[in-house]
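*Asks:* give the three-dimensional model of this entry:
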Amino acid sequence: MLMMIVMLMIMMMMMMMIVIRGDNIDDDFIYFDSPFLTFSGPVGGIRSELFVDANRLTPYFYSVMICIDETGWNEEIASNKTALQHVIQLMDFSTMDDDLRGFSDALRVGRYAYLSPCSYSQNIFSSKLIRIDLGDIDIGTKLIETYDSGGTVRNVVDILDLSKKNPDLKGFSGLFMSGQNLILVPFRNKYEPQNGHRGHGNVVRINMNLFNDVDKGIEYIDVSSVTRAQIPSFGDTNLRGFSGGFASKFISFDE
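*Replies:* Residues are numbered from 1 along each chain as shown. Modelled structure (predicted):
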């Protein structure tokens, strides 16, 4: 019983974190941050009777993104399940590909939103970057129009598999914009406990105007091995496994 209560508390705390991180996209809908690692719990759920759940917890990697109309924050509507159905739209990326989950960051650029790939399962890292068409008005209207016309999530989503350029281009901790380019921040792409999970140093630049062009739209550089314009000039193998980054006159990363 105590375990059930603890798990429920963890789930509620993580759901609160998801709501707090919501990012207003300057229209009538609130566009939530990317689905990621929500909580850890039993494989078979809180009341699981599976033997595997006796001694371990398993992380759940979320694939569902929630879009909430601004009226959804109204107390009367929020307490009415029927009314909530009209102000909440869901996008389950796993209906296209079960690997489309566990994104590390989200970014809106114009009419598109981008989700950076990190890890879709425990110690298994993702290379699939998602672009979402937010529509002419807002993402909620776009989804309603799509679903009403018989469409699916696939009609508003483009997927760019970075591993088609290089199998090591996966596992990123975030992304940011610099001009017409998206920059992906390198984190981990392999399960390497023997070296302390040092991660990788592959910084990826994606031309947003050539999003679906793997050959011309994707460029990358391994900052852990490239020579530097300083003394000493040889590569620094510790330039890997960054937690975030931002654009200025020079691109910067945080270790």
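*Asks:* give me the beta-bridge partners of S116?
*Replies:* Applying DSSP bridges to S116 gives these bridge partners: D105.
*Asks:* hang on, it packs against I183?
*Replies:* No. Counting by CB atoms under 8 Å, S116 sits too far from I183 to count as a contact (9.9 Å). The way it works is simple: take the backbone N, C-alpha and C, and place the C-beta from them, glycine included.
*Asks:* out of those two, which sits in the more crowded spot?
*Replies:* S116 (26 against 21; other CB atoms under 10 Å).
*Asks:* who are the contact partners of the more buried one?
*Replies:* Contact analysis of S116 by CB atoms under 8 Å, 6 or more residues apart in numbering lists 34, 103-107, 129, 172-175, 184-185.
*Asks:* how much space separates it from A229?
*Replies:* According to CB to CB, to the nearest Å, S116 and A229 sit 28 Å apart.
*Asks:* now L100
*Replies:* In terms of CB to CB, L100 sits 39 Å off from A229.
*Asks:* between the two, point out the one with more neighbours.
*Replies:* Set L100 next to A229 and count neighbours by other CB under 10 Å: L100 wins out with 23 against 5.
*Asks:* one step back: overlap of the contact sets of S116 and I183?
*Replies:* L175.
*Asks:* helices along this protein, start to end?
*Replies:* 2-20, 75-78, 81-84, 139-148, 214-217 (DSSP state H).
*Asks:* low-confidence ranges in the stretch 51-200 of the chain?
*Replies:* For the stretch 51-200 of the chain, the stretches flagged by pLDDT under 70 are 51-60.
*Asks:* how does it look with 50?
*Replies:* Nowhere does the stretch 51-200 of the chain drop to pLDDT under 50.
*Asks:* burial of P186, as a residue count?
*Replies:* 29.
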